[in-house]
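S.K.: Model the structure of this input:
(one chain, ligands or ions: 1)
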Amino acid sequence: MFRLLNVAGRAALEHDGHWHDLAAATGDATLADPMAAVARHAELHAVQATLAGRPPEGAVDPAALGPCVPKPEKVFGIGLNYRSHAGESNMELPPAPLTFTKFPSCLVGPQADIVLSGAAVDWEVEIVVAIGTGGRHIPQAEAWNHVAGITLGQDVSDRVVQLTGKPPQFSLGKSFDTYGPIGPALVSVDAFADPDDIELWCDVAGERMQHARTSDLIFPVAELVSYLSGICTLTPGDLIFTGTPDGVGGPRGRFLKDGELVESWAEGIGTLRNRCVAGR
Ligand code: ZN
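M.R.: Numbers count the residues shown, from 1 in each chain. Next up is the predicted model:
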């Protein structure tokens, strides 16, 4: 197993609360790039196993972490992928994954501020998977072998921009700068007892808003990877935001306000703490 971090733009592995610079630990300067590290995910297990006897570069400071996958080629978002959320949105269960894009420029680290774009900005806690080994037409039975790791994300969404059009176009309303906090670490799949049953929650201003398990997904990760790879060639680092459970603000008219803290947590991954600040 491994926990891959982005420390000030450099790939690092987390061990026992400390971080080890990946290029320094391996003597391979090309592994300083977090995207190179994701593409070479299979090698990271062996590196992680050497860290117990190595002096670390420092203690992990979550506020100093960048997005663990900083420059993916593609970022897919999946709408209405929890049975519970489809229910609260009063939508029929989709026959195929409802897919939009979050442009990669929205990605930020686990404690970055969320710069609010308006008065109807909503939270969506989500499990995010990163492709490690690319491919096309990946069968469901092989899909997890193409995943480098799992992280946590917020699919922050401006509901006005997302839903104004007829038909609505989701991508821009979910792509404002800072609308994609991810992290704190990219955790290898083998670190999870069952990667299809991960607990996650989201608190806003101290109030529990969302709480679910990924076993409630309508289209689980293997189906998403197989479906998307039937359309696009998947590339190492591509991210899939797998969808959000019920408890978002929109259906009850409760949106993010200047100064509020959004805390997101997932079992085996960790916590995001993102403060909302007013935009221009
Ligand atoms: Zn979402």
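S.K.: Tell me the confidence at the closest residue to the ion within the chain?
M.R.: When distances are taken as CB to the ion, the chain reaches nearest to the ion at residue 155, 3.3 Å away. C-betas here are computed from N, CA, C, even on glycine. Note on residue 155: pLDDT of 98.
S.K.: these two touch, right, it and residue 241?
M.R.: Yes - counting by CB atoms under 8 Å, residue 241 is a contact partner of residue 155 at 5.0 Å.
S.K.: Name the residues contacting each of those two.
M.R.: 77, 102, 126, 180 (CB atoms under 8 Å, 6 or more residues apart in numbering).
S.K.: what's the burial count for the second one?
M.R.: Residue crowding around residue 102 was assessed by other CB atoms under 10 Å; the count is 27.
S.K.: is it true that it touches residue 238?
M.R.: No - using CB under 8 Å, residue 102 is not in contact with residue 238, being 11.6 Å away.
S.K.: Run through the residues that contact the nearest residue to residue 67 once chain neighbours are set aside.
M.R.: Closest residue to residue 67 apart from its sequence neighbours, by CB to CB, 6 or more residues apart in numbering: residue 107 at 4.4 Å. By CB under 8 Å, 6+ apart, residue 107 lies in contact with 67, 69-70, 72, 75, 180-182.
S.K.: Mind listing the residues bridging to residue 107?
M.R.: Here residue 107 sits in beta bridges with residue 180, going by DSSP bridges.
S.K.: And the contacts of the lowest-mean-pLDDT helix or strand in the chain?
M.R.: The least trusted helix or strand in the chain, going by mean pLDDT, DSSP states H and E, turns out to be helix 83-88, with a mean of 76. For helix 83-88, the external contacting residues (CB under 8 Å, 6+ apart) are 80, 92-94, 212, 216, 218, 243-248, 251.
S.K.: low pLDDT regions in this structure?
M.R.: 89 (pLDDT under 70).
S.K.: same thing but 90
M.R.: For the chain, the stretches flagged by pLDDT under 90 are 83-94, 280.
S.K.: ranges for the helices of it?
M.R.: Assigned by DSSP state H, the helices in the chain fall at 22-26, 34-39, 41-48, 83-88, 159-163, 221-229.
S.K.: okay, these, which one's buried deepest?
M.R.: Compared across the helices of the chain, helix 34-39 shows the largest average neighbour count, a mean of 23 (mean count of other CB atoms under 10 Å).
S.K.: Which neighbouring elements make contact with that one?
M.R.: If you count contacts as 3 or more CB pairs under 8 Å, 6 or more residues apart in numbering; DSSP states H and E, helix 34-39 packs onto strand 3-7, strand 10-15, strand 147-154.
S.K.: on that earlier part again, any chance of the contacts of helix 83-88 in CSV, plus neighbour count and distance to the ion?
M.R.: Listed next are those as CSV, based on neighbours: other CB atoms under 10 Å; distance: CB to the ion, whole Å:
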residue, neighbour count, distance to the ion
80, 20, 9
92, 8, 18
93, 11, 16
94, 15, 13
212, 22, 13
216, 16, 14
218, 17, 13
243, 25, 6
244, 29, 4
245, 26, 10
246, 18, 12
247, 22, 12
248, 23, 9
251, 13, 14
